[in-house]
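Peer 1: below are the sequence and a predicted model for it; my questions follow.
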Amino acid sequence: MERAHLEGVLDEDTTAEGLHTFGRSALGTEYVYLHLSLPGRGLRDISILSGYIHLQKMELSSNKINDLSCISHMPYLVELDVSKNQLTTYFDFKPPKNLKSFNQIEKVDGLKGLKSLRRVDLSNNKIKSLQGLEGHDLLEVINLENNQVAEVSELKWIKDLPLLRDVNLLKNPLQVAAVNAEDPPPEVVAAHDHRIQLLCHARQPQGLLDSTLPGFGDPYPMLVLLGPVAGGRRQLALKICRKFKNFFRFGPCHTTRTAYFGEENRFDYYFISQEEFGKMVEAGKFLATYKYGGHSYGLARDTVESIAREGLATCVHLEIEGVRSLKNTYFQPRYVLLVPRDKWKYGERLRRTGLFSRTEIAEALARVDTYLQINQDFPGYFHALINTDELEEAFTELTHLVKVYLGLEPPDSLDLQGTKGRADGVSNSPENGFGLWMVSWLFFWAQTEFPDSSEDGFELRWNFWTPLRMILGSDGVS
């Protein structure tokens, strides 16, 4: 019974086992033990240490200690390790050189009398506020890594410390919140926009969409051309839709910018006011939205659904911001990156339009590098890369690529091994929709007669959906 009662309570015999480093006391008047090491002993009560006033270093890690009041009787203590205990606060004791981590401290409390404190390590705890660190004019280092500090306003407690040179707030919610609020990564912006579209759309009456294919998991086929402004994506999108009019229909986006010279409403874009755009967002009308050049852009659900209703695939052109937003949806388009490699020639093209300022031209040129860097850093993010220095050559490349997508041409010249493709970046990975599975579909297409016009609605829909949902959409794996 007595043994059970004393379990976890530090006694003199156990203390003697941990004492080491015999030397002069801090005052130099006597020889004493200076260090105590008792890690992993299951200790809960260490009040007996109140009498060991000469200790300068203690290691009491991996115990069950929740009370450090005895340390207030140790005026010469310079280093303390009480990591991996059950501390929820700490007390008014002579400051150690390092108060180590992995406890459950929730607030900085009990430091008011420690005016000589120079370094505080409270990492890996549950601290939410920096209150309690103020007024320590000698404090140089604060380590609060992996805590729960979430508000920037908490820095007010330490902003007037004159000698403070190092503050560690890594792995705190503060960092994520501050970055996302002030300069959010593009993926966060896209996810935020997508969340808004989902929430607004969920409030509307729901029904079966025309873009829903009969087969479970079959994606509606879409072709997305993306690249820098005036880099050829609009012209190529319109030309490819005219050439493959029995397969594709161009889907204009909505935008709040004014029309450039030569652009037509409802043909190039739907030009609307910011107020109208906001109302469409609230009504859940958009699949994807993004901002570029201070203007809002959006791909409307009705645009895609009206094209799908005709049994055709949708072709759109977007900036990278729109692609990031669209990638959050359930659609699985084929993304073709159109980039001018000759930046001088591209700059001249921008200047000749007379539509862009010097700043806008410089930004457009910089985005060429951005697109190429994304293509390099994230293999498979785009399904193909085409150089648009010469638009006619680019159209030839794109035409060939689309024919291979549709199964109208064999993929030989695209080089299924990815070594000499006419369109850069095309590979035979399952994600890119190429591979041996595609070759087997070519035989099916060779046996199928395609109608000359869309008047044969049923036959066209059957011919189009059945193989194209495999070739343009997914290989059945992803």
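Peer 2: Cool, got the structure.

Peer 1: please make it C-alpha for all contacts and neighbour counts, starting now.
Peer 2: Noted.

Peer 1: who touches stretch 152-171?
Peer 2: For stretch 152-171, the external contacting residues (CA atoms under 8 Å, 6 or more residues apart in numbering) are 129-147, 149, 174-175, 178.

Peer 1: how about the secondary structure of the spatially most central residue of the chain?
Peer 2: The structure's the chain has its C-alpha centroid closest to Glu187; by CA atoms, centre = their mean the separation is 4.8 Å. Three-state assignment for Glu187 (DSSP: H, G, I helix; E, B strand; the rest coil): helix.

Peer 1: and the gap between it and Gln274?
Peer 2: 23 Å (CA to CA, to the nearest Å).

Peer 1: need the buried ones from the contacts of stretch 152-171 selected in PyMOL.
Peer 2: A single PyMOL command suffices to select whichever of these are buried according to 16 or more other CA atoms under 10 Å:
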select buried, resi 129+130+133+134+135+136+137+138+139+140+141+142+143+144+145+146+147+149+174+175
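
Peer 1: hmm, back to that, which ones are touching the residue nearest to the centre of the chain?
Peer 2: Arg324.

Peer 1: and the strands in the stretch 251-400 of the chain?
Peer 2: In the stretch 251-400 of the chain, the segments counted as strands under DSSP state E, counting those that start in this stretch are 253-255, 269-271, 286-292, 295-300, 313-318, 334-339, 384-387.

Peer 1: if we can go back for a sec, gap between the residue nearest to the centre of the chain and Ser325?
Peer 2: 8 Å.

Peer 1: determine the number of other residues adjacent to Pro205.
Peer 2: By other CA atoms under 10 Å, the residues close to Pro205 number 6.

Peer 1: Ile48 too?
Peer 2: Neighbours of Ile48 under the rule other CA under 10 Å: 13.

Peer 1: for it, helix, strand, or coil?
Peer 2: Under three-state DSSP, Ile48 comes out as helix.

Peer 1: list the residues that contact it.
Peer 2: Neighbour list for Ile48: Leu10, Asp11, Glu12, Cys70 [criterion: CA under 8 Å, 6+ apart].

Peer 1: please pick the buried ones from those.
Peer 2: By neighbour count, with 16+ other CA under 10 Å, the contacts of Ile48 hold Leu10, Cys70 as buried.

Peer 1: before we move on, the earlier item: sort out for me which of the contacts of stretch 152-171 are in strands.
Peer 2: Judged by DSSP state E, the subset of the contacts of stretch 152-171 located in strands is Val141, Ile142, Asn143.

Peer 1: would you mind measuring from the second one to Glu134?
Peer 2: Right, Ile142. Ile142 sits 12 Å away from Glu134, going by CA to CA.

Peer 1: could I get the full set of helices for the stretch 201-350 of the chain?
Peer 2: 233-243, 274-282, 301-309, 320-326, 343-353 (DSSP state H, counting those that start in this stretch).

Peer 1: looking at the ones you listed, which is nearest to His295?
Peer 2: For these, proximity to His295 was assessed by CA to CA; helix 274-282 is nearest, at 8.5 Å.

Peer 1: quick one: list the elements packing against the closest one.
Peer 2: In terms of contacts (3 or more CA pairs under 8 Å, 6 or more residues apart in numbering; DSSP states H and E), helix 274-282 is packed against helix 186-202.

Peer 1: export the helix it packs on as PDB, just CAs?
Peer 2: Written as PDB, here are the backbone C-alpha positions of helix 186-202 (Å, rounded to 0.1, in the frame of the first residue of the first chain):
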ATOM      1  CA  PRO A 186      -2.900  31.200 -56.800                       C
ATOM      2  CA  GLU A 187      -4.200  27.700 -55.800                       C
ATOM      3  CA  VAL A 188      -5.900  29.200 -52.700                       C
ATOM      4  CA  VAL A 189      -7.500  31.900 -54.800                       C
ATOM      5  CA  ALA A 190      -8.800  29.300 -57.200                       C
ATOM      6  CA  ALA A 191     -10.100  27.100 -54.500                       C
ATOM      7  CA  HIS A 192     -11.800  30.000 -52.800                       C
ATOM      8  CA  ASP A 193     -13.500  31.000 -56.100                       C
ATOM      9  CA  HIS A 194     -14.600  27.400 -56.700                       C
ATOM     10  CA  ARG A 195     -16.100  27.200 -53.200                       C
ATOM     11  CA  ILE A 196     -18.200  30.300 -53.800                       C
ATOM     12  CA  GLN A 197     -19.500  28.800 -57.100                       C
ATOM     13  CA  LEU A 198     -20.400  25.600 -55.400                       C
ATOM     14  CA  LEU A 199     -22.200  27.200 -52.500                       C
ATOM     15  CA  CYS A 200     -24.100  29.600 -54.800                       C
ATOM     16  CA  HIS A 201     -25.100  26.900 -57.200                       C
ATOM     17  CA  ALA A 202     -26.200  24.500 -54.400                       C
END
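
Peer 1: could you give the angle of that helix to strand 286-292?
Peer 2: Orientation note: helix 186-202 sits at an angle of 140 degrees relative to strand 286-292 (axes from the mean of the first three to the mean of the last three CA atoms, to 10 degrees).

Peer 1: picking up where we left off before, may I see the contacts of Ile48 organised as CSV, with pLDDT added?
Peer 2: Listed next are the contacts of Ile48 as CSV, based on pLDDT from 0 to 100:
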residue, pLDDT
Leu10, 93
Asp11, 92
Glu12, 91
Cys70, 85
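
Peer 1: tell me which two of the contacts of Ile48 sit farthest apart.
Peer 2: Glu12 and Cys70 (14.9 Å).

Peer 1: got the helices of the stretch 201-350 of the chain as CSV, with distance to Gln56, mean pLDDT and mean neighbour count columns?
Peer 2: Shown next, in CSV, are those (distance: least, CA to CA, whole Å; pLDDT from 0 to 100; neighbours: other CA atoms under 10 Å):
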stretch, distance to Gln56, mean pLDDT, mean neighbour count
helix 233-243, 72, 96, 18
helix 274-282, 66, 96, 15
helix 301-309, 71, 95, 18
helix 320-326, 58, 95, 22
helix 343-353, 67, 94, 15
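
Peer 1: would JSON lines of those helices with distance to Thr258 be doable?
Peer 2: Formatted as JSON lines, the helices of the stretch 201-350 of the chain follow (distance: least, CA to CA, whole Å):
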{"stretch": "helix 233-243", "distance to Thr258": "16"}
{"stretch": "helix 274-282", "distance to Thr258": "11"}
{"stretch": "helix 301-309", "distance to Thr258": "20"}
{"stretch": "helix 320-326", "distance to Thr258": "19"}
{"stretch": "helix 343-353", "distance to Thr258": "15"}
